[in-house]
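Peer 1: below: sequence and its predicted model.
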Amino acid sequence: MYEAYGYGGAGIIINCLTDNTNRAKTEINNVIKKSSVKLGTVGSVSYNFERKGRLDLAGMMDEDSVLEAALEADVEEVDTKTNEEENTTSVWVDAASVSGLREVLLERGVEIKASTLVNVPKALVDCSDEDFEGNMNVIEALEELDDVDSVEHNVAMEDEDEGE
């Protein structure tokens with residue numbers, strides 16, 4: 001895991017899966033050097049994020065059903081979001097609770113497409129249009145690297161609050 005400071009004070013976490021850490025670090029450094037983004041030290045960016053477990057469920061599941069399963073699994077806090085376009089429901093819980101909730105959902109016959117640990121930003125950073133574009137360009141370049149599994153950030157998405 002690498003941490004970087006993006007444009008406008010944004011935080012970027014780069015998660016890698018590699019068989020060659022030297023190659024991964026070199027490729028990440030090359031992307032970083034081509035921009036004004038700065039690589040940070042361990043913990044310099046990640047303190048702005050909270051480690052959560054995310055379960056992606058096949059199909060739409062109402063919040064009450066998720067809450068019932070969460071209560072059965074002794075999960076204290078649950079966040080859900082449905083995506084009608086992809087016909088999925090995503091559920092976020094604290095990292096220690098993900099396996100218990102996963103087990104209860106499977107027992108109830110719910111198909112789980114994926115379960116993973118993610119870094120959820122504690123607060124989003126509003127950037128100027130120029131900084132937003134610069135951050136997205138760096139994130140896209142990092143995501144294209146073979147050794148990079150995922151890139152997480154706290155950049156507020158454009159037009160996120162419009163229309164709501």
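Peer 2: Good, I have the coordinates.
Peer 1: which strands border the lowest-mean-pLDDT helix or strand in the chain, and is each parallel or antiparallel?
Peer 2: In the chain, no helix or strand scores lower on mean pLDDT, DSSP states H and E than strand 79-83, which sits at a mean of 88. Its sheet considered, strand 79-83 pairs with strand 88-94 (antiparallel) by DSSP bridges.
Peer 1: who touches the partner strand?
Peer 2: With contact meaning C-beta atoms under 8 Å, 6 or more residues apart in numbering, strand 88-94 is reached by 52-61, 66, 70, 75-83, 101, 113, 118, 120. C-beta: built from backbone N, CA, C; applies to glycine.
Peer 1: tell me the mean pLDDT over it?
Peer 2: Strand 88-94 shows a mean pLDDT of 92.
Peer 1: in the helix or strand just after it, what counts as buried?
Peer 2: The helix or strand immediately downstream of strand 88-94 is helix 98-107, counting by DSSP states H and E. By 16 or more other C-beta atoms under 10 Å, the buried positions in helix 98-107 come out as Val98, Gly100, Leu101, Arg102, Val104, Leu105.
Peer 1: before we move on, what about stretch 39-53?
Peer 2: Per 16+ other C-beta under 10 Å, stretch 39-53 contains these buried residues: Leu39, Gly40, Val45, Ser46, Asn48, Phe49, Lys52, Gly53.
Peer 1: what's near enough to touch the fourth one?
Peer 2: This points to Ser46. By C-beta under 8 Å, 6+ apart, the contact set of Ser46 is Met1, Glu3, Gly11, Ile13, Asn119.
Peer 1: the fifth one now?
Peer 2: Listed by C-beta under 8 Å, 6+ apart, the contact partners of Asn48 are Gly11, Pro121, Lys122, Ala123, Asn154.
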